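Participant: Build me a model from this:
(chains A and B)
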Amino acid sequence: AAGVIQSPRHLIKEKRETATLKCYPISRHDTVYWYQQGPGQDPQFLISFYEKMQSDKGSIPDRFSAQQFSDYHSELNMSSLELGDSALYFCASSGSTGNTEAFFGQGTRLTVV
Amino acid sequence: AQSVAQPEDQVNVAEGNPLTVKCTYSVSGNPYLFWYVQYPNRGLQFLLKYITGDNLVKGSYGFEAEFNKSQTSFHLKKPSALVSDSALYFCAVRLGNTGKLIFGQGTTLQVKP
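Facilitator: Residues are numbered from 1 along each chain as shown, chains lettered A, B, ... in the order given. Sure thing, here's the model as predicted:
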C-alpha cells in the first residue's frame, strides 16, 4: 500500500515569501498531523486534523495555517517566511482508533534564504 | 508536564553485540509508547508500540522493547546489532484523544563492524 506522500520534497524560498506544503495520507486514514523538525532536533507537533476539522494545535506560529480537504489531503500554508522556518516538515496520518500508530511521510525540506 | 526523555545522545555498539537505547517517560494515565527510527534525510519509520498487555513488545527488524511501569521506562533492545541499524532513534508518547506524539530528543545509534 502507498505510504504518506508529501510534496514537494525540497523547497527553497526567500524571506517574507509564502510556501505551501502538501500531504496525502494513507488511504482510509482520517487523521493528519504536521510536525516540524529543526536541524539536530526532535520533531515538534504543529497541528492535526480529524475528519477535516482541526483536532489539536501545538507550537504553530500564527503565520502558518493548515487545512484538511474533503479527500483528506492536507496543506500547510506558511507566510512571511523567516530564516528560522528552515526545517524538515513531516506529515503523518493514522486511523482514528486510540491504539493505531502514525505513519510518516518522507518530509519536505524547506530552506529559507 | 508530560514528557519523554532519552538520556543518551549516542550509543555505540559493535556489530553482533546486543544493543539498548533508553527511554523514560512522564505522563498521566496509561501511556501509549512508540519507537521510531530515522535514517538521514528520511521520514520516521515506525518500529513498535506499547498500548497494553505484555510488557515485552516485538517490532520490526528484530527490535523489541520492554515496558516497565514502576521505572516509567520503555527501552529499545535488539539481541544482535547490525551495521545497517545505525540511525537516529526516537521514543515517543501519544497524548490525549487527538493522538499527537511527543518525542524524546533522539539517540544516535552507531554500530561498528
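
Participant: mind listing the strands for the chain?
Facilitator: The chain I'm using is chain A. Here chain A has its strands, by DSSP state E, at A:5-7, A:10-13, A:19-24, A:31-37, A:44-50, A:53-57, A:64-68, A:74-78, A:87-94, A:103-104, A:108-112.

Participant: Wait, chain B was what I had in mind.
Facilitator: For chain B, the strands defined by DSSP E cover B:3-5, B:10-14, B:19-21, B:24-26, B:32-38, B:44-50, B:56-58, B:64-68, B:73-78, B:87-95, B:100-103, B:107-112.

Participant: In TSV, list these along with mean pLDDT and mean neighbour count.
Facilitator: C-beta coordinates here come from the backbone N, C-alpha and C atoms, glycine included. Listed next are the strands of chain B as TSV, based on pLDDT from 0 to 100; neighbours: other C-beta atoms under 10 Å in any protein chain shown:
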stretch	mean pLDDT	mean neighbour count
strand B:3-5	94	16
strand B:10-14	98	14
strand B:19-21	98	20
strand B:24-26	95	16
strand B:32-38	95	24
strand B:44-50	95	20
strand B:56-58	96	14
strand B:64-68	96	18
strand B:73-78	98	21
strand B:87-95	94	23
strand B:100-103	92	23
strand B:107-112	97	17
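
Participant: closest to residue A:91 out of those?
Facilitator: Smallest distance to residue A:91 across those (C-beta to C-beta): 11.1 Å, for strand B:44-50.

Participant: Strand B:73-78 and that closest one, what's the angle between them?
Facilitator: Between the axis of strand B:44-50 and that of strand B:73-78 there is an angle of 120 degrees, by axes from the mean of the first three to the mean of the last three C-alpha atoms, to 10 degrees.

Participant: Strand B:44-50 vs strand B:64-68, what angle?
Facilitator: Put simply, strand B:44-50 runs at 50 degrees to strand B:64-68, going by the same axes, to 10 degrees.

Participant: Direction included, what does strand B:44-50 pair against?
Facilitator: Strand pairing for strand B:44-50, using DSSP bridges, gives strand B:32-38 (antiparallel).

Participant: hmm, who's touching the strand it pairs with?
Facilitator: Outside strand B:32-38, the residues within contact range by C-beta atoms under 8 Å, 6 or more residues apart in numbering or on different chains are A:98-99, A:101, A:104, B:23, B:25, B:44-51, B:59, B:63, B:65, B:67, B:74, B:76, B:87-94, B:101, B:103, B:106.

Participant: thought residue B:39 was touching residue B:85?
Facilitator: No - Residue B:39 is beyond contact range of residue B:85, at 10.4 Å (criterion: C-beta atoms under 8 Å).
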